[in-house]
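[1] Coordinates for the following, if possible.
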Amino acid sequence: METKTMTKDGAWCFFADPRAVYFAGKHRRTYVGWLTSEGDVRVGCYDHDRGWISESSLLKPALQKDDHASPSLWMDSEGYLTVFYSAHNGKAMYYRTALSPESIDEFGEERRLPANSEGNKGYTYPNPVYLQAEERLFLFWRGGNFKPVFSITDDCGSGKWSEVRPLIEDRGNRPYIKFASDNESVIHFACTDGHPNEEASNGIHYACYRNNAYYRADGSIIKTAAELPLAIAEMDTVVDPESGKHCWIWDVAADQEGNPVLVYAVFASKSDHRYYYSRWDDGQWITNEIAAAGHWFPQTPDGAVEREPYYSGGLILDPRDPGMVYLSRLQDGAFEIERWSTEDNGISWHSEAVTSSSSELNVRPFISRGPKGSPAMLFWMKGEYTHYTDYRTSLMMQVIE
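    All right, here's what the predicted structure looks like:
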């Protein structure tokens, strides 16, 4: 598959999603958001029929030189793109909507979410999820108290949002969370119960939302939406937080039967990252190691102590077939992107290279989101990365239709 450059100046973090979305109407296009090395919020698109990449549009200049400020995207049923963004622990959550369908040429006025949860940590990591069955857009983010919260609207253009609701609220913990949805009626989510750099050990947990209630993987109800917030202990435990391990969630998806699949990093040590795969099957979580990933990917300056030793190269599930995983790991002194596949729920794996013999980092893969049956695109960051405030990376891409 041919590799192309989406942008020569782009980066993103791994907790604001989706970073790229597909829409078919008058055109068949994938829309992509990113943050530049100077902290500008931009979007671009790839036309699948013509094979060309559009000029990017600037939505917010100099938001913040910090990849945690990367945007997330939502495309409505008529093809209007909305882009959500905030600074890292920012004072506001912003969003702008395109003025024309299937276009990124002009965007409407910048709006702000009307409220946040209490606390001094601001807004970070927007994650919009639309449920067609409810005709509502859920926007999740990390709130002022460092916990996952959300608000809901049935009309993004109106500026009217529900009160801010806590999703998970465990005292003393700082969850990191990933979302996936069928965009119809179910929202899957998986999280850690704390930052691996700050906890003595931490775990991985799962739950899902449907029909105004929250459930475990076996279908048992945890509580109704009116009874929120969830406690970590009420969710499925995939990695026991008391096991003495450090770990970090990377992705969640659902298989053809709607059962959840998770991928995450477990750290044998700060310099020995391992990628794991857990799948709900026959009433239990089945967990297998995928591959050794090497050490952290930031390029630590000589004589310095690495500030983010748990930043793995990263991995992502193919949402169309979560038996397929794209990952970044250390190979012959370089971080390369590879495609790994399993036909036996993660017991055995076959791998093939996407990149090889690289002189620059290839990290943080992401696969575009779209309706069932739509084509997908693989994206990743390539270049130099010292810290989340100091990076010079391009966004690379391959069509994997």
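[2] going forward, measure contacts between C-alpha atoms and count neighbours the same way
    Fine.
[3] Show me what the worst-scoring helix or strand of the chain on mean pLDDT is packed against.
    Lowest mean confidence among the helices and strands of the chain (mean pLDDT, DSSP states H and E): strand 52-53, at a mean of 93. Using 3 or more C-alpha pairs under 8 Å, 6 or more residues apart in numbering; DSSP states H and E, the elements in contact with strand 52-53 are strand 41-47.
[4] could you check the distance from the closest residue to R42 other than its chain neighbours over to P128?
    Once flanking residues are discounted, R42 sits nearest to L58: 4.7 Å by C-alpha to C-alpha, 6 or more residues apart in numbering. Per C-alpha to C-alpha, to the nearest Å, L58 is found 20 Å from P128.
[5] Neighbour count: these two, which is higher?
    The residue with more neighbours, out of L58 and P128, is P128; 24 against 16, by other C-alpha atoms under 10 Å.
[6] and the closest residue to the more buried one other than its chain neighbours, how many residues sit next to it?
    Nearest residue to P128, sequence neighbours excluded (C-alpha to C-alpha, 6+ apart): L139, at 4.3 Å. Neighbours of L139 under the rule other C-alpha under 10 Å: 21.
[7] State the phi and psi torsions of L139.
    phi -120, psi 110 (degrees, to the nearest 10).
[8] F14 reaches W250, doesn't it?
    Yes - applying C-alpha atoms under 8 Å as the test, F14 and W250 come out as touching, 7.5 Å apart.
[9] okay, these two: which has more neighbours?
    Set F14 next to W250 and count neighbours by other C-alpha under 10 Å: W250 wins out with 25 against 22.
[10] what about that one, helix or strand, and which?
    Using DSSP states H and E, W250 sits in strand 246-254.
[11] Now do the strands in the stretch 251-400 of the chain.
    Taking DSSP state E, counting those that start in this stretch to define them, one finds strands in the stretch 251-400 of the chain at 260-269, 272-281, 284-294, 315-317, 324-331, 334-341, 350-353, 361-367, 377-387, 390-399.
[12] With mean pLDDT, mean neighbour count and distance to A20 added, can I get those strands in a markdown table?
    A markdown table is the format used below for these (pLDDT from 0 to 100; neighbours: other C-alpha atoms under 10 Å; distance: least, C-alpha to C-alpha, whole Å):
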| stretch | mean pLDDT | mean neighbour count | distance to A20 |
| --- | --- | --- | --- |
| strand 260-269 | 98 | 24 | 19 |
| strand 272-281 | 98 | 22 | 23 |
| strand 284-294 | 98 | 19 | 25 |
| strand 315-317 | 98 | 26 | 13 |
| strand 324-331 | 98 | 24 | 16 |
| strand 334-341 | 98 | 22 | 18 |
| strand 350-353 | 98 | 12 | 23 |
| strand 361-367 | 98 | 26 | 7 |
| strand 377-387 | 98 | 21 | 8 |
| strand 390-399 | 98 | 20 | 11 |
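[13] Compare these and report which one is nearest to C156.
    With C-alpha to C-alpha as the criterion, C156 lies closest to strand 361-367 of the strands of the stretch 251-400 of the chain, at 24.9 Å.
[14] Pull that closest one out as CSV, backbone CA atoms only.
    The C-alpha trace of strand 361-367 is given here as CSV (Å, rounded to 0.1, in the frame of the first residue of the first chain):
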residue,chain,number,x,y,z
LEU,A,361,10.2,7.7,14.7
ASN,A,362,7.0,6.1,13.5
VAL,A,363,4.5,6.2,16.4
ARG,A,364,0.9,6.6,17.6
PRO,A,365,-1.1,4.8,14.9
PHE,A,366,-4.7,5.6,14.4
ILE,A,367,-7.4,4.2,12.1
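[15] what angle do that strand and strand 324-331 make?
    Compare the direction of strand 361-367 with that of strand 324-331 by axes from the mean of the first three to the mean of the last three C-alpha atoms, to 10 degrees and you get 170 degrees.
[16] Which strands and helices lie in contact with strand 361-367?
    Short answer (3+ C-alpha pairs under 8 Å, 6+ apart): strand 361-367 packs on strand 315-317, strand 324-331, strand 334-341, strand 377-387.
[17] hmm, back to that, tell me the contacts of the residue nearest to P128?
    126-129, 150-152 (C-alpha atoms under 8 Å, 6 or more residues apart in numbering).
[18] OK, contacts around the residue of the chain positioned farthest from its centre?
    Using C-alpha atoms, centre = their mean, the residue of the chain lying farthest from its centre is G303. It sits 32.3 Å away. G303 makes no contacts at all, as judged by C-alpha under 8 Å, 6+ apart.
[19] In the stretch 101-250 of the chain, mark out all the strands, start to finish.
    Ranges of strands in the stretch 101-250 of the chain, per DSSP E, counting those that start in this stretch, are 111-112, 124-131, 136-142, 148-153, 165-166, 177-181, 186-192, 204-210, 213-215, 221-224, 236-239, 246-254.
[20] closest one to T389 among these?
    Using C-alpha to C-alpha, the nearest of the strands of the stretch 101-250 of the chain to T389 is strand 124-131, at 15.0 Å.
[21] Can you tell me the strand partners of that closest one and which way each runs?
    strand 136-142 (antiparallel) (DSSP bridges).
[22] how about the CA coordinates for the strand it pairs with, as PDB?
    The C-alpha trace of strand 136-142 is given here as PDB (Å, rounded to 0.1, in the frame of the first residue of the first chain):
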ATOM      1  CA  ARG A 136     -28.100  12.700  20.900                       C
ATOM      2  CA  LEU A 137     -24.400  13.700  20.800                       C
ATOM      3  CA  PHE A 138     -22.400  12.800  23.900                       C
ATOM      4  CA  LEU A 139     -19.200  14.700  24.500                       C
ATOM      5  CA  PHE A 140     -16.800  13.200  27.000                       C
ATOM      6  CA  TRP A 141     -13.700  14.900  28.300                       C
ATOM      7  CA  ARG A 142     -11.400  15.000  31.400                       C
END
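[23] Right, I'll call it a day here.
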